[in-house]
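> with the sequence up front, the predicted model follows.
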Amino acid sequence: MPRFRRIPTEIEAFQFQGCTGELVEWAHKYGDQGMVFFPFPRVDVLTEQGQWVSVRVGEWIIPDQSHGRFYPVADEVFQKLYQPVD
């Protein structure tokens, strides 16, 4: 899975391209009770604020590792904040 760096923090993120087995496997590492899968092209994530938010195709999903929750980030915002880690 690609990793990205937000200066100065390193994170793991997943760009949503539909409900794939790869997404399910990745979410399971973080406690997938914070994610609900629907038929393509939709997935909802439970945010740190306790709200369910739909993730659109192309958005990035970032886990909040301390709470087992997730949050979506638009691709344009993600590209400005993060850079790939080699």
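Received the coordinates, thanks.
> all contacts plus neighbour counts: C-alpha atoms, from now on.
OK.
> so how many other residues sit close to Phe78?
Here the number of neighbours of Phe78 (other C-alpha atoms under 10 Å) works out to 18.
> show me what contacts the closest residue to it other than its chain neighbours?
By the measure of C-alpha to C-alpha, 6 or more residues apart in numbering, the closest residue to Phe78 outside its immediate chain neighbours is Trp60, 7.2 Å from it. For Trp60, the set of contacting residues under the criterion of C-alpha atoms under 8 Å, 6 or more residues apart in numbering consists of Ala13, Phe14, Gln15, Phe16, Pro72, Val73, Ala74, Asp75, Phe78.
> can you rerun that using 6 Å?
With contacts taken as C-alpha atoms under 6 Å, 6 or more residues apart in numbering, Trp60 has the following neighbours: Phe14, Gln15, Phe16, Pro72, Val73.
> residues touching the second one, list them.
Pointing back at Gln15 there. Remark: with contacts taken as C-alpha under 6 Å, 6+ apart, Gln15 is in contact with Gly58, Glu59, Trp60.
> the fourth one too?
When the contact criterion is C-alpha under 6 Å, 6+ apart, the partners of Pro72 are Trp60, Ile61.
> which stretch of helix or strand covers it?
Applying DSSP states H and E as the criterion places Pro72 in strand 69-73.
> Asp86: neighbour count?
Burial measure for Asp86: 7 neighbouring residues, criterion other C-alpha under 10 Å.
> with Glu25 instead?
A count of neighbours around Glu25, defined by other C-alpha under 10 Å, yields 11.
> pull the distance from whichever strand or helix holds it to the chain's centre.
Assigning secondary structure by DSSP H and E places Glu25 in helix 21-28. When distances are taken as C-alpha atoms, centre = their mean, to the nearest Å, helix 21-28 is centred 10 Å away from the chain's centroid.
> again with stretch 69-76
6 Å.
> what does stretch 78-86 give?
Using C-alpha atoms, centre = their mean, the mean C-alpha position of stretch 78-86 is found 14 Å from that of the whole chain.
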